[in-house]
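# structure for this input, please:
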Amino acid sequence: MNREAHFTDVNENYEKGLNYFYNKHYKEYAGQRLIGNINPALHIETRSIDRIWKLFGKEVKFIFILRNPLDRAYSHYLMTCRRGLETLSFQDALKSEYDRINHPTNHPGYYSAEPAHFEKNHYGYRLHSTYSFMLEYLMAHIDKSYIKLILFDEFARNQLDSINEICSFLQIEPLGELKEIVHSNEAKKPRSIALSKLIHGGSPVKNILKQFLPSATVRKRLRAYLLKKNLKTLSGEERKLPNELYNELLQAYFYDEIDKIKAITDLPVDHWKQLKSLNK
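Take a look at the predicted model:
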């Protein structure tokens, strides 16, 4: 299993061909029938899925862990803030999202030069929280037996059962026990926004630094060290949307999407539309 290879969703990587994909991300691959990749960006456009089918055939299996769209969007927003790339409030960021994507700016040194790739990745809070679009596309082109859907809340409550459901879906042996519980990333914010921007964004400065630090291993270790030192944990209040704002954004942006998801999948997602109490 490889985490976020970004092969079919990044033009520059895809154009290098399948041998590059295997050599970079699956060096131990020796013709095994089952390999996997985790990529949170595959569901935002059909191009990536079409490329997967072209390369690997339509017997590829897809696993989606679906989270409450508003909770996912806000978690994405906090991540972008943590990277020092977001200056707007969450409410304003949602309003500005499509304008940002439709009017992309240049980001020298970013790993893809495709217009709006940066904006979709970092500012696509609603885009990445819209699941119905891709689920409709997949179900129109492949049998439902190639698609496994799991609710995020259920996975968090019953990880072993959920993982064993996935094992059954993949036709592999179930786990007897979990050696390690999977935790979500802790919400944090940068101490220095300038340093965070340098680490996460595209910058000519990073290209200059590569000349002084030619070793990719050394750069990776330095990056991890700087990231760790530059982050501090958010308070409980900072991690939560005020109930009134939560209700406003839920109704404004995500009600219709939740209805579509339910209609397509028949999953029990009505609780995602539940408004929060305004009582103090």
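# pLDDT below threshold where in the stretch 51-200 of the chain?
By pLDDT under 70, the low-scoring segments of the stretch 51-200 of the chain are 180-200.
# and the strands in it?
62-66, 147-151, 188-190 (DSSP state E, counting those that start in this stretch).
# and those strands as TSV, adding mean neighbour count and distance to Pro242?
For the C-beta atoms, the positions are set from N, CA and C on the backbone; glycine is no exception. Listed next are those as TSV, based on neighbours: other CB atoms under 10 Å; distance: least, CB to CB, whole Å:
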stretch	mean neighbour count	distance to Pro242
strand 62-66	17	25
strand 147-151	18	25
strand 188-190	19	18
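# distance to Tyr131 added to these, as CSV?
Below are the strands of the stretch 51-200 of the chain laid out as CSV (distance: least, CB to CB, whole Å):
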stretch, distance to Tyr131
strand 62-66, 6
strand 147-151, 9
strand 188-190, 26
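# among the ones you listed, which is nearest Tyr253?
Evaluated over the strands of the stretch 51-200 of the chain, closeness to Tyr253 peaks at strand 62-66, with 16.5 Å, by CB to CB.
# parallel or antiparallel, list what pairs with the closest one.
Paired neighbours of strand 62-66 in the sheet (DSSP bridges): strand 147-151 (parallel).
# distance from the strand it pairs with to the middle of the chain?
Relative to the centre of its chain, strand 147-151 is centred 16 Å away, using CA atoms, centre = their mean, to the nearest Å.
# I figured Ile49 hits Glu136, correct?
No: Ile49 lies out of contact with Glu136 (CB atoms under 8 Å); the separation is 11.8 Å.
# neighbour count winner among these two?
Between Ile49 and Glu136, Ile49 has the larger neighbour count (other CB atoms under 10 Å), namely 20 against 13.
# ok, now which ones touch that one?
Taking CB atoms under 8 Å, 6 or more residues apart in numbering, we find Ile49 in contact with 8, 42, 134, 137-138.
# host element of it?
According to DSSP states H and E, Ile49 maps onto helix 46-56.
# quick one, that helix and strand 62-66 angle?
Orientation of helix 46-56 against strand 62-66 (axes from the mean of the first three to the mean of the last three CA atoms, to 10 degrees) gives an angle of 150 degrees.
# report the buried residues of helix 46-56.
Buried residues in helix 46-56, counted by 16 or more other CB atoms under 10 Å: 48-49, 51-52.
# same deal with stretch 105-114?
Neighbour-count burial for stretch 105-114, counted by 16+ other CB under 10 Å, picks out 107, 110, 112.
# stretch 88-100 now?
Under 16+ other CB under 10 Å, the buried positions of stretch 88-100 are 88, 90, 93-94, 97, 100.
# just checking, Leu275 touches Glu248?
No: applying CB under 8 Å, one finds Leu275 not in contact with Glu248, separated by 9.7 Å.
# check the chain and tell me which residue is nearest its centre.
Pro40 (3.2 Å; CA atoms, centre = their mean).
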